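Asker: My questions concern the predicted model and sequence given below.
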Amino acid sequence: MSLALRIRDLIKDHAGEKALKGISFEVPEGALFGIIGADGAGKSTLMTILATLMDADSGEVEELGLDLKKDFKILRHRIAFMPQRFSLYPDLTVVENLHFFADLYDLDPAEKQKRLSDLLKFSALEPFQKRRAGLLSGGMKQKLALCCCLLHRPSLIYLDEPTVGVDPVARRDFWILLKSLKSEGITLVVSTPYMDEAKLCDTLLLLDHGKVLDSGSPREMLSRYPYSLYRIRGPKPLAYSARKEPPQGVSLVYPAGGELRAAVDGGMNASQDDLWKDFPGANASESMTPDIEDLFFALLSREQASLEKTVK
Amino acid sequence: MKLFRLIAWKEFQHLRSDKAALRLLFIMPMVQLMVLGYALTTEVKNTPYAVIDRCNCPASASLLASVSSSPLFQFQGFAHSESELRTWMDQGRIRIALLIPPDFSDKLESRLQITPAGLPKGDGVPVGIWVDGQDASSSGTARGYLSAILDQWSQQRLANRLHAQGRELRDLLPFHIDTRIAFNPLLESSWYMVPGIAVILITMVTSLLTGFSIVREKEAGTLEQLLVTPIKPIHIVLGKAFPFFIIGIVELFLALGIAKFWFGIPFLGNYLVLLLFCAIYMLSSLGIGILTSTVVRTMQQALFLIWFFLIFFLLLSGFFLPVENMPGWVQGLTHINPVRYFMQVLRSMFLKGSGIQDLWREALSMLAIGVIVFGSAVSLFHRKSG
């Protein structure tokens, strides 16, 4: 399979900090590729570089078979970028915004008309054509922004946290749109802080403090989960202190929803039905399958442990 | 060209949709022009003064009458002692004071004993003036006026006495002054100030609005969105500057109308030449806005930085204070101040009707500054945005 994106040792210092500390990964053509990480992980910096808006300090990027540094002008015709914030003109109407961006890409009039009506249908924004963009709901704004990205039929789209601040129903709708774009063969690179959205991607990149923690398909990555995971329940919300050492044999404890989760070293393997006894106020524990969030925590704590080791 | 038009169209749409701002854009400067046209005057009038009259004689009464009949001074009262005078000055009740000595009448009389051989020997009568020197310039002017009134009074006395003897003071004076005032015969300060205010308004509107319109897109993230498209940064800059160029010209001609029809200031220059000069000048004022917008991230920073520049430009433009009054090195600095040249151009076009043949030096200076400012603004914008 050919690659939409190939990145080698990308390094960038941004605002006096090492935002990207040597990142390498590949994105196959037609993928729905998710970049997962907490705030400050370097997601936006990475996206801004890939979208041709900022130069990296060093490293190689090949986008759609072209060199990012040399051919950024050609690339601008073939990629699209949807920034984190709503970045259209609130005082122009939906249609005026679309016309404006269509003209920036110099679409010919017939093509423009067709594209516009297709996209309005696709995004279900047709009834709101004459509305000023600033008066749209959060979800509709994001749909309009996506439409503006799609006007010139890009082969590769970067979306930086497109669903942050959007209500759950609109989020689901938005992801349905992304899936349908993927089915048209467009490569999508989406960053998100939401772990539940990660499952919707076919390949993931876990990013933390400018470094790649792991990457692969969600299934692949979860198969590499290094612990046995237990959920621990109690009648009351359980007291949890991050500073307290976890009980013997438990590598990691963290709250999730109303419960605690405990990651136990796989090697122990013995029945952990009575694990709850180590936690004050708990009365039950049961084994569970980890999801991306659990994997993320596990990798993070490992990273930290190895860091502490090197410091010592 | 097409992309430039597209950006300019969008910018006009923004202006159109913000009707309140658009109204402000034209009404505010006009109100300012009308109010400031009257308020900003370098004339010193109604200076409050007090008197210590220790003579209290017909001569001192006549002297005081000549002062109080002038609209330049406003009588606040007689003080009984110097310490009272001092208190009044401390309180700010008076800005200037006149002290008449007890022997004023006697000394005056002996001084005016003129014989055919000439004036009697000895000094004239000492009359004191106290001045509140805080505002050096207007106090100086008030002092000058007061001395002139007093001088005139004493000359009149001398003339009367000579006249009684069959001689005329005019014939004795080595020369007399014949003043002719060119360009502004009534010395109306509004004739000088209104064109200057117009320059300031145009400068503010074009530099601030251009800067804001770019920084606003930066803040909103729409600039990024523009830059990932194939559009060239030069198209963005020119397209965004163009509407404010038009606004600047409209404002200039509005100001011209107010100057002509409201203040009755004659505009003797050629309108096309004015348009040309204005276009050259706006290279600089628009350029300052763009230049600022490339180095700042927020509207506040933009406002602060543009104001920082404008304050220098305005105060060193000769708007309030003649450039010739400034220390040499500051005068040198004013040569890189575009406002100074345009101030000079507009004022002399108004009152003198100067044309290109008189103002080509200013035009070239403005062009040089404009090309440098606008050019570096555009290239910096290019560099910052890849």
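Answerer: Perfect, I can see it now.
Asker: Can you list the residue ranges for strands in the stretch 251-386 of chain B?
Answerer: Here the stretch 251-386 of chain B has no strands by DSSP state E, counting those that start in this stretch.
Asker: so where's it shaky on pLDDT?
Answerer: B:384-386 (pLDDT under 70).
Asker: Of all the residues in the stretch 1-150 of chain B, which one is nearest chain A?
Answerer: B:Ser17 (4.2 Å; CB to the nearest CB). Heads up, the C-betas are built off the backbone N, CA and C, glycines and all.
Asker: list the contacts for that residue?
Answerer: With contacts taken as CB atoms under 8 Å, 6 or more residues apart in numbering or on different chains, B:Ser17 has the following neighbours: A:91-92, A:132.
Asker: so which of these is the most crowded?
Answerer: Counting neighbours by other CB atoms under 10 Å in any protein chain shown, A:Leu92 leads the contacts of B:Ser17 with 19 neighbours.
Asker: Do a quick rundown of the strands in the stretch 151-300 of chain A.
Answerer: In the stretch 151-300 of chain A, the strands defined using DSSP E, counting those that start in this stretch lie at A:156-160, A:187-192, A:203-208, A:211-216, A:227-233, A:250-256, A:259-265, A:284-288.
Asker: Flag the shaky bits of the stretch 101-250 of chain B, pLDDT-wise.
Answerer: Ranges of the stretch 101-250 of chain B meeting pLDDT under 70: B:116-117.
Asker: Need the strands of the stretch 151-300 of chain A in TSV (columns: mean neighbour count, distance to A:Ala56 and mean pLDDT).
Answerer: Conversion of those to TSV gives the following (neighbours: other CB atoms under 10 Å in any protein chain shown; distance: least, CB to CB, whole Å; pLDDT from 0 to 100):
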stretch	mean neighbour count	distance to A:Ala56	mean pLDDT
strand A:156-160	24	15	95
strand A:187-192	24	16	95
strand A:203-208	22	15	92
strand A:211-216	18	15	90
strand A:227-233	20	35	84
strand A:250-256	18	34	82
strand A:259-265	21	35	83
strand A:284-288	15	40	81
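Asker: Make a markdown table out of those and add distance to chain B.
Answerer: What follows is the strands of the stretch 151-300 of chain A, written out as a markdown table (distance: least, CB to the nearest CB, whole Å):
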| stretch | distance to chain B |
| --- | --- |
| strand A:156-160 | 9 |
| strand A:187-192 | 14 |
| strand A:203-208 | 21 |
| strand A:211-216 | 25 |
| strand A:227-233 | 40 |
| strand A:250-256 | 33 |
| strand A:259-265 | 37 |
| strand A:284-288 | 40 |
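Asker: Which one of those lies nearest to B:Thr203?
Answerer: Comparison of the strands of the stretch 151-300 of chain A against B:Thr203 by CB to CB identifies strand A:156-160 as nearest, at 39.0 Å.
Asker: now that closest one, how far from the chain's geometric center?
Answerer: The chain centre lies 10 Å from the centre of strand A:156-160; the measure is CA atoms, centre = their mean, to the nearest Å.
Asker: Just want to check the distance between the spatially most central residue of chain B and chain A.
Answerer: When CA atoms, centre = their mean is applied to chain B, the residue found nearest the centroid is B:Phe320 (3.1 Å). Here the criterion is CB to the nearest CB, to the nearest Å. By it, B:Phe320 lies 39 Å from chain A.
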